[in-house]
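# Sequence first, predicted coordinates after that:
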Amino acid sequence: MEENVLRFDPSVFVVGHDYQIIFLTTTMGIGWIEIDGERFTDEECGLLMYDTVHKIPVPGDKLNAAGHYTVVFVEYLDKKPYYPQGVEKVRKTYNFYPLTGDDFRLFQFADTHAQTDLPMETFNMVGGTCDILLLNGDINEWSDKIEHFYTSYELSARAVHGERPVIGSRGNHDTRGHKAQLLPNYFPTAFRGGRRETFYSFRQGSLWGLVLDCGEDKYDHNVEYGGTIFFENFRKRETESLESLIADKENEYAADGVKYRIAFCHVPITEKFGHPFDVASETYEYWTKLLNEMGIDMLVCGHMHRAYCILPHTEGKCDADFLTVVMSNPSVKREDGSKYYVGCVVDAEDGKLIANTAPYGEPFTI
């Protein structure tokens, strides 16, 4: 076996009640996941995907009960039309710890913009551990090369080592570059209406989570995009999805055992932006109303390269019943000239949610 064929430890992304385990390899081939002898693959239309990215859907109840999974990769240097020959290069088992109980710690990386060392320094400064990891957009600078996707997987591997659940939320910088259209292969998605979508709900223990995606932060016709995007249509589908969650609330945020309801979005939709960033203002007002109806406790965001909170019913903002936490900054200077990264920690303790910057500042409790 050749361990260096596995580029990073896998990421176990939460989607719905299940997982999507994504791992990257340095050579072409076929990968799958084994749980207690049962094999889970990325087969579509009978074909196993031949690539260096391997995105494997896994039933949540199977992985949660087993508490471990095995990554398997078979290298095919040449996938011939007849008699291709593969060689198993990776077979590695990981422990897995889903959220259980009512108390947990969530750590957010957002706006790292291709950095890994500074964000990991901050992660280690606040304990070097978490129960669930949030990758909340703009982890890479843009999506011009496949290698730009690696930042997310390096941070995830260094922080939770393939052993903890990960939340994936796309940022606006992630949509830029000619490889951006390949991101659904490298990112958790839900299948809805014949498309893979980057918005979805999930359940982990007492946490019901909602991942939102605003797309770009300016109008589709902005010259910056050169006619290559259509997020107005994307957001309409997302609105329909949010409405469908409310229609199915007994199986979603109102299900038995849900104690915390947290929404995650790269862009703080409760903010009020001036032109040209006022795109979808009416849509975000409506989304806020829908989140109010869902009883969302907290919205966790990045995007602004600042650390602050928007209190419920703040004048001049969308009229939210919930706290909006905006906590990320890719580069802050200390007095000695050195730099550090600002992330976010959310602790669930004794029925309360406590949000704080990482490194620590002023906590906000709800």
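Yep, that arrived.
# For residue 136, see how far away the closest residue to residue 216 other than its chain neighbours is.
Computed as C-beta to C-beta, 6 or more residues apart in numbering, the closest residue to residue 216 that is not its neighbour in sequence is residue 172, at 5.0 Å. The C-beta positions use only the backbone N, C-alpha and C, and glycine is treated the same way. Per C-beta to C-beta, to the nearest Å, residue 172 is found 12 Å from residue 136.
# who has more neighbours, the two?
residue 136 (29 against 19; other C-beta atoms under 10 Å).
# just to revisit the earlier point, common neighbours of residue 172 and residue 136, please.
Taking C-beta atoms under 8 Å, 6 or more residues apart in numbering as the contact rule, residue 172 and residue 136 both touch residue 266.
# Just give me the longest helix of this structure.
What stands out as the longest helix in the chain, according to DSSP state H, is helix 231-247.
# May I have it as CSV, with CA atoms only?
Output of helix 231-247 as CSV, limited to C-alpha atoms (Å, rounded to 0.1, in the frame of the first residue of the first chain):
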residue,chain,number,x,y,z
PHE,A,231,-27.6,33.1,-9.9
GLU,A,232,-31.0,34.8,-10.1
ASN,A,233,-32.5,31.5,-11.3
PHE,A,234,-30.4,29.6,-8.7
ARG,A,235,-31.8,31.7,-5.9
LYS,A,236,-35.4,31.1,-7.1
ARG,A,237,-34.8,27.4,-6.8
GLU,A,238,-33.3,27.9,-3.3
THR,A,239,-36.4,29.8,-2.2
GLU,A,240,-38.6,27.0,-3.4
SER,A,241,-36.4,24.6,-1.4
LEU,A,242,-36.8,26.7,1.8
GLU,A,243,-40.5,26.8,1.4
SER,A,244,-40.6,23.0,1.0
LEU,A,245,-38.7,22.6,4.3
ILE,A,246,-41.4,24.5,6.0
ALA,A,247,-44.1,22.3,4.4
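# Run through who's touching that helix.
In contact with helix 231-247 (C-beta under 8 Å, 6+ apart) are residues 192-193, 195, 197, 199-201, 210, 212-216, 220, 252-253, 279-280, 283, 286-287, 290-291, 293-294.
# Mind listing what's buried along that helix?
The neighbour-count check on helix 231-247 (16 or more other C-beta atoms under 10 Å) flags 231, 234, 235, 238, 239, 241, 242, 245 as buried.
# For the stretch 251-366 of the chain, which segments count as helices?
Here the stretch 251-366 of the chain has its helices, by DSSP state H, counting those that start in this stretch, at 281-294.
# so how many other residues sit close to the nearest residue to residue 171 once chain neighbours are set aside?
Among residues not flanking residue 171 along the chain, residue 137 sits closest, at 2.3 Å (C-beta to C-beta, 6+ apart). Residue 137: 31 surrounding residues under other C-beta under 10 Å.
# measure residue 137 to residue 211 for me?
From residue 137 to residue 211 the distance is 10 Å (C-beta to C-beta).
# Next, show the common contact partners of those two.
residue 169.
# Just give the number of residues close to residue 292.
Residue 292, neighbours per other C-beta under 10 Å, totals 15.
# List the contacts of the closest residue to it other than its chain neighbours.
Counting by C-beta to C-beta, 6+ apart, the nearest residue to residue 292 once its immediate chain neighbours are dropped is residue 321, at 4.5 Å. Residue 321 is in contact with 292, 295, 296, 312, 313, counting by C-beta under 8 Å, 6+ apart.
# likewise residue 116?
Shown in contact with residue 116 (C-beta under 8 Å, 6+ apart): 151, 154, 155, 158.
# Next step: those residues restricted to helices.
151, 154, 155, 158.
# Just the element for the nearest residue to residue 39 once chain neighbours are set aside, please.
Once flanking residues are discounted, residue 39 sits nearest to residue 32: 5.6 Å by C-beta to C-beta, 6+ apart. Following DSSP states H and E, one finds residue 32 within strand 18-35.
# Beyond that strand, next helix or strand please.
Next along the chain after strand 18-35, taking DSSP H and E as the criterion, comes strand 38-40.
# can you tell me the average pLDDT over that following strand?
Strand 38-40 carries an average pLDDT of 98.
# Next, the buried residues of the host helix or strand of residue 105.
Using DSSP H and E, the element containing residue 105 is strand 104-109. Neighbour counts over strand 104-109 (16+ other C-beta under 10 Å) mark 104, 105, 106, 107, 108, 109 as buried.
# Grab the nearest non-local neighbour of the fourth one.
If I follow you right, that is residue 107. Sequence neighbours aside, residue 130 is the residue nearest to residue 107 in space, at 3.9 Å (criterion: C-beta to C-beta, 6+ apart).
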